[in-house]
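Participant: With the sequence up front, the predicted model follows.
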Amino acid sequence: MSFLRNRAGIIIVGAIGFAIVAFLVSDAVQMGGSFMNAGQTEVGKVDGEAIDIVEFNDLVEQSSNNFKQQMGQSNLDPQMTAYIIENAWNQSVSKILLKKEIARLGLQVGKNEMNDMVTGKNPDPQIIQNFGDPQTGKVNRTQLNAFLENVKTQPSDSPVSLQWSAFLLNLRDNKIAQKYGNLIKNSIYVTALEAKEDYGQRNKLANFNYVNLDYASIPDNQAKPTDQDYTEYYNENKFRFNNPIETRNFEYIVFDANPSKADSAEVIAAVQKVAADFRASKNDSLFININAETKLPISYVRKGQLDPAIDSLVSRASAGSFIGPVFSNGVYKMAKVLDVKVGPDSVKASHILINPASEGGIDKAKAKADSIRSLIAGGASFSELAAKFGTDASKDTGGDLGTFGRGAMVPAFEEAVFNGNTGDLKVITTQFGVHVIKINAQIGSSRVAKVALLDKSLSTSSKTQQDAYKKATAFLAAAKDDKLFDEEAKKLGYSKVIADNIVATQASIQGLNSAREIVRWAFDADKGDVSNQVFEMENKFAVAKLIDVLEKGTLPLEQVKKRIEPLVIRRVKARMLSEKMNKALAGSKSIEQVAQKIGKPVTPVQNIVFANPVIPGLSQENKVVGTIFGSQPGKLSKSIEGEYGVYAFVVNGFTNPAPLTNVFKQKVQVAQGIQQRAAGEAFKVLRDKSEIKDNRVKFF
């Protein structure tokens with residue numbers, strides 16, 4: 001289970017006061033509008049309410065720091081940075097939308113309700129978590145009252161008072177969000193007729209025979225659509241061409257600065273020196289920290305965990321062996337085998353994670369963890385204590401982490417569970433907090449090696465970089481407009497790459513991982529403009545030309561013509577094949593006669609249900625299966641244009657399910673499915689009905 005390494009995402013989402021937001025914003029909120037007219041301090045607007053750049057930057061910085069701390073990294077790559085900015089935007093937009101909707105509905109948390117959540121008979125789970133007594137699992141009233149008295153003596157602008165006020169606001173917002181969620185949930189009602197219909201769609205079986213003519217049987221060059229074909233398809237499907245936000249299309253030429261032979265020779269010499277020093281090193285951890293690029297911790301590994309180029313060598317090596325350098329995927333790798341032993345393949349463990357931040361420091365967190373460990377050692381239920389005091393998702397399963405192999409957890413955690421014994425109770429500290437760990441079982445055994453790994457990438461020299469840059473600048477100087485851009489590229493044999501439907505916040509495009517500057521240029525350029533600079537991205541340089549601006553709203557036919565071309569060609573093929581199928585159907589009394597005329601076999605299908613419209617051996621065919629369930633048995637169908645071909649069929653019969661005896665249970669099941677989507681759908685409506693302006697491209 002790798003959740004310990006991946007908790008950063010949960011921490012980011014949890015930063016917002018509304019507890020429901022984590023559920024509602026699972027789909028990325030991509031809103032649009034003109035971004036060039038906003039104020040210099042507004043990263044965006046939601047129904048006229050500004051998102052201030054300073055506050056937004058604070059949220060981004062907080063999220064970035066959390067990620068760096070949890071992932072053990074000092075820097076974030078462009079993709080991770082873009083994810084954090086997108087997440088911060090979603091949170092900001094969601095918070096405003098929900099605040100407005102909650103105000104419109106009049107949802108509130110009264111003073112008495114707040115008092116009950118803090119000091120009353122029904123304390124909020126966060127109060128229990130922060131002021132709970134591990135021995136009873138209930139609020140320690142003495143501790144809570146002492147804290148509240150201390151807050152009263154503090155100035156209103158003191159850190160303690162400000163933190164407590166923020167905590168209370170978070171409790172209130174969570175409660176309001178809970179009320180909003182319950183309001184939506186309780187608005188769901190399923191009738192008995194709907195329940196019976198759903199039951200029938202999932203359990204009524206259809207048996208039929210069909211023949212089909214596959215669209216792939218006609219080459220594309222034999223299906224030539226006319227302008228009328230394009231117009232008809234566009235008009236019938238105009239709803240599909242709504243552009244929710246403005247996007248841009250541009251093309252670009254990449255000038256690679258890949259390592260030359262001279263670069264390779266220079267790197268090899270440096271790697272050989274590092275290898276010699278590594279072999280002689282007496283402090284491997286320090287040496288790796290100074291010289292390695294990925295700085296992997298020294299740990300035990302089993303066969304199959306390392307890069308294949310070095311894995312088999314390590315798995316056969318004895319303690320004290322030195323392996324490498326070995327070149328793999330652009331990186332030189334070497335390893336020191338420090339120890340070899342037999343250890344478990346996997347471990348089944350549980351833990352209770354204590355958060356030092358909410359306990360008042362690491363020492364208090366350790367003290368609480370030691371207290372919990374003593375209770376468990378004395379016979380208390382681990383799962384019950386995990387549910388009461390755990391601060392991560394595992395508390396919902398009694399702290400159970402399941403079964404996991406080596407490499408799934410952070411090094412300190414892995415060291416504790418793989419080097420202990422079944423039944424051990426341990427208290428350890430990691431970057432996530434303080435853990436109370438119970439080793440439930442150790443499974444299997446195999447040879448493992450304690451390995452110190454060091455890597456060095458094959459890098460590009462400054463001369464190679466300069467040569468590639470000179471080519472890019474020379475091309476830019478010659479390609480002064482869109483016509484010259486195409487002419488020069490063709491004359492010099494440069495390949496153009498097309499970036500389609502690029503959004504203003506996009507961090508990477510095909511072949512370029514750090515593409516923010518080129519994307520920002522594209523959203524400040526006019527159609528036909530050639531970039532006024534060479535864009536530098538790692539070992540690549542690029543020159544670009546903007547070829548289209550796709551405005552927010554319904555796109556015109558000219559801008560979607562290339563996109564819909566395969567679908568229009570398919571429609572022409574469907575028309576051609578339908579004529580052939582209709583001729584075969586004319587005068588035929590059976591599906592076998594139709595099959596004989598078109599030279600195709602009859603395919604029988606058994607036990608298809610309406611709710612899963614997949615024809616075995618083909619794919620999903622909604623229109624065909626839907627028509628089958630609306631047909632009479634024994635009657636030869638008309639031709640049906642499906643997703644992958646033209647069909648004709650005859651229904652052999654239907655098998656009705658057993659009568660529905662428990663309508664109430666079926667209603668509950670249907671309602672639960674709707675409720676899982678309801679909150680997200682409600683939020684989508686709020687989003688779609690709001691005017692949202694996104695100015696992030698001006699700042700990031």
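Facilitator: Looks like it arrived, so ask away. Keep in mind the model is a prediction, meaning the values are calculated, not measured.
Participant: quick one: the strands in the stretch 551-700 of the chain?
Facilitator: Secondary structure of the stretch 551-700 of the chain (DSSP state E, counting those that start in this stretch): strands at 553-554, 603-608, 640-641, 645-655, 692-694.
Participant: Show me what the first one is packed against.
Facilitator: Identification of packing neighbours for strand 553-554 by 3 or more Cβ pairs under 8 Å, 6 or more residues apart in numbering; DSSP states H and E yields strand 242-243. All C-beta atoms are positioned from the backbone trio N, CA, C, and that covers glycine.
Participant: From the chain's centroid, how far away is the strand it packs on?
Facilitator: 23 Å (Cα atoms, centre = their mean, to the nearest Å).
Participant: C-terminal to that strand, which secondary structure element comes first?
Facilitator: Per DSSP states H and E, the first helix or strand lying C-terminal to strand 242-243 is strand 247-256.
Participant: That next one pairs with which strands?
Facilitator: If you go by DSSP bridges, strand 247-256 pairs up with strand 497-502 (antiparallel), strand 540-550 (antiparallel).
Participant: most neighbours per residue, which of these?
Facilitator: For those, the largest average neighbour count (mean count of other Cβ atoms under 10 Å) is found in strand 540-550, namely a mean of 21.
Participant: In the helix or strand containing V211, which residues are buried?
Facilitator: Counting by DSSP H and E, the element that carries V211 is strand 205-214. For strand 205-214, the buried set under the neighbour-count rule, 16 or more other Cβ atoms under 10 Å, comprises 206-213.
Participant: Can you give the strand pairings for it, parallel or anti for each?
Facilitator: Using DSSP bridges, strand 205-214 pairs in its sheet with strand 603-608 (antiparallel), strand 645-655 (antiparallel).
Participant: Columns distance to S321 and mean pLDDT on top of those strands, output as a markdown table?
Facilitator: What follows is the strands paired with strand 205-214, written out as a markdown table (distance: least, Cβ to Cβ, whole Å; pLDDT from 0 to 100):
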| stretch | distance to S321 | mean pLDDT |
| --- | --- | --- |
| strand 603-608 | 60 | 94 |
| strand 645-655 | 61 | 96 |
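Participant: In the protein, where is pLDDT below threshold?
Facilitator: 1-39, 69-74 (pLDDT under 70).
Participant: Let me know the outermost residue of it.
Facilitator: Note on the chain: the largest C-alpha distance from the chain mean falls to G587, namely 54.9 Å (Cα atoms, centre = their mean).
Participant: Distance-wise, check that one relative to V646.
Facilitator: 18 Å (Cβ to Cβ, to the nearest Å).
Participant: Not counting sequence-adjacent ones, nearest residue to A671?
Facilitator: In space, and not counting its chain neighbours, A671 is closest to V190: 4.7 Å by Cβ to Cβ, 6 or more residues apart in numbering.
Participant: how would you label L296: helix, strand or coil?
Facilitator: coil (DSSP: H, G, I helix; E, B strand; the rest coil).
Participant: burial of it, as a residue count?
Facilitator: When counting by other Cβ atoms under 10 Å, one arrives at 16 neighbours for L296.
Participant: Could you point out the helix or strand that follows whatever helix or strand K388 lives in?
Facilitator: K388 is part of helix 382-389 when elements are defined by DSSP H and E. Using DSSP H and E, the helix or strand that directly follows helix 382-389 along the chain is strand 400-405.
Participant: hmm, back to that, CA atoms of the strand holding V211 as CSV?
Facilitator: Extracted in CSV, the C-alpha atoms of strand 205-214 (Å, rounded to 0.1, in the frame of the first residue of the first chain):
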residue,chain,number,x,y,z
LEU,A,205,-32.0,-10.9,-21.1
ALA,A,206,-32.1,-10.7,-24.8
ASN,A,207,-31.1,-13.5,-27.3
PHE,A,208,-30.7,-12.5,-30.9
ASN,A,209,-28.8,-13.2,-34.2
TYR,A,210,-27.2,-10.5,-36.2
VAL,A,211,-25.2,-9.7,-39.3
ASN,A,212,-23.1,-6.6,-39.8
LEU,A,213,-21.1,-4.7,-42.4
ASP,A,214,-18.0,-3.2,-40.8
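Participant: Can you tell me what sits against it?
Facilitator: Strand 205-214 is contacted from outside by 577, 580-581, 591, 594-595, 598, 600-610, 615, 618, 624-625, 628-629, 642, 644-655, 657, using Cβ atoms under 8 Å, 6 or more residues apart in numbering.
Participant: thinking again about what came up before, list just the nearest of the buried residues of strand 205-214 to T429.
Facilitator: Nearest to T429, judged by Cβ to Cβ, of the buried residues of strand 205-214 is A206 at 60.6 Å.
Participant: What about the closest residue to that closest one other than its chain neighbours, how many residues nearby?
Facilitator: Spatial nearest neighbour of A206, excluding adjacent residues (Cβ to Cβ, 6+ apart): I608 at 4.9 Å. Residues contacting I608 under the criterion other Cβ under 10 Å number 21.
Participant: Tell me who's in contact with P225.
Facilitator: Applying Cβ under 8 Å, 6+ apart, the residues near P225 are 565, 568-569, 571-572.
Participant: Can you tell me how far R575 is from P225?
Facilitator: From R575 to P225 the distance is 10 Å (Cβ to Cβ).
Participant: contacting residues around the helix or strand containing I290?
Facilitator: According to DSSP H and E, I290 maps onto helix 284-291. Helix 284-291 is contacted from outside by 274, 277-278, 281, 295-296, 298, 336, 338, 452-454, 456, using Cβ under 8 Å, 6+ apart.
Participant: in stretch 125-133, what's buried?
Facilitator: 127-133.
Participant: what do you get for stretch 165-181?
Facilitator: Within stretch 165-181, the residues scored as buried using 16+ other Cβ under 10 Å are 170-177, 180-181.
Participant: Check stretch 550-557 too.
Facilitator: Neighbour counts over stretch 550-557 (16+ other Cβ under 10 Å) mark 550, 555 as buried.
Participant: Dump it to PDB, keeping only the CA atoms.
Facilitator: Extracted in PDB, the C-alpha atoms of stretch 550-557 (Å, rounded to 0.1, in the frame of the first residue of the first chain):
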ATOM      1  CA  LEU A 550     -10.900  28.900 -30.400                       C
ATOM      2  CA  GLU A 551     -13.100  31.200 -28.600                       C
ATOM      3  CA  LYS A 552     -15.400  30.300 -25.700                       C
ATOM      4  CA  GLY A 553     -18.800  29.200 -26.900                       C
ATOM      5  CA  THR A 554     -20.000  27.200 -29.900                       C
ATOM      6  CA  LEU A 555     -17.200  26.700 -32.400                       C
ATOM      7  CA  PRO A 556     -17.900  27.400 -36.100                       C
ATOM      8  CA  LEU A 557     -17.700  24.600 -38.600                       C
END
